[in-house]
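Asks: Need a 3D model of the following:
(one chain, ligands or ions: 1)
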Amino acid sequence: MKKGSEGFKPENLIQSNIPATWKAMEALYDSGKARAIGVSNFSSKKLADLLEVACIPPAVNQVECHPSWQQDKLREFCKSKGVHLSGFSPLGSPGTTWLKSDVLKHPVINLIAEKLGKTPAQVALHWGLKTGNSVLPKSTNEARMKQNFDVFDWTIPEDLLAKFSEIQQASFVHETYGSYRSLEEFWDGEI
Ligand SMILES: NC(=O)c1ccc[n+]([C@@H]2O[C@H](COP(=O)([O-])OP(=O)(O)OC[C@H]3O[C@@H](n4cnc5c(N)ncnc54)[C@H](OP(=O)(O)O)[C@@H]3O)[C@@H](O)[C@H]2O)c1
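Replies: The predicted structure follows:
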């Protein structure tokens, strides 16, 4: 965005130069001002392009990740390159209407929650941890914060874990409207 500008107005966008930005971040790391440097919202392609030119690989790629946006290909790619995947909006950001993924209301999540005596949020968070990423839930409510920490000393058995593959992945796909006609086209084959 243009220096000093506020908000996401299209006219405030400038050309990005990821290699130059990364070089500046590497300088911060080398100077000791940053203990680790990473990226956010990088696809496998963007990450691969960065790794080609980086002296210090990103420690982390923070991307949206939850049962309705499982990021399988990106997860595999990050793992193969030693970049930690950290999942933001791990509960599917309930309350936001634009994604309409309704993770916490999904029948599969609710079935598993009922069987295990856990809440849908705990099931979504545990799934993230079990698949190997970290999870970054946000809550302003003390009881829900505590609930979101209680996801470590129990597990989802394999037969229930397999059910996560039945969950349709979120998208902006429509056969007539918008830019994308298929999930593959929208996610560049990465879901
Ligand atoms: N890097 C990026 O581009 C990017 C983009 C988006 C978000 N993020 C980060 O990701 C983090 C979380 O994202 P998010 O807030 O969009 O999504 P989220 O954590 O999936 O959802 C937060 C919502 O879930 C509710 N909630 C929390 N715990 C719950 C529980 N146990 N049961 C039911 N509802 C629960 C919260 O309400 P209450 O507060 O009322 O509990 C809040 O409305 C934030 O730190 C955000 O900064 C990063």
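
Asks: make it CA atoms for all contacts and neighbour counts henceforth
Replies: Noted.

Asks: Could I get the full set of strands for the protein?
Replies: Taking DSSP state E as the test, the strands found in the chain are 39-40, 60-64, 84-88, 134-136.

Asks: need those in a markdown table with distance to residue 15, mean pLDDT and mean neighbour count, can you?
Replies: Shown next, in a markdown table, are these (distance: least, Cα to Cα, whole Å; pLDDT from 0 to 100; neighbours: other Cα atoms under 10 Å):
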| stretch | distance to residue 15 | mean pLDDT | mean neighbour count |
| --- | --- | --- | --- |
| strand 39-40 | 17 | 97 | 16 |
| strand 60-64 | 21 | 96 | 20 |
| strand 84-88 | 26 | 97 | 22 |
| strand 134-136 | 29 | 98 | 20 |
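
Asks: right, so of the ones you listed, which gets closest to the ligand?
Replies: Set against the ligand and scored by Cα to the nearest ligand atom, the strands of the chain come closest in strand 84-88, at 3.9 Å.

Asks: thinking again about what came up before, of the strands of the chain, give the one that comes closest to residue 109.
Replies: When these are compared by Cα to Cα, strand 134-136 sits nearest residue 109, at 16.6 Å.

Asks: which residues sit against that closest one?
Replies: 85, 86, 87, 88, 89, 90, 125, 128, 129 (Cα atoms under 8 Å, 6 or more residues apart in numbering).
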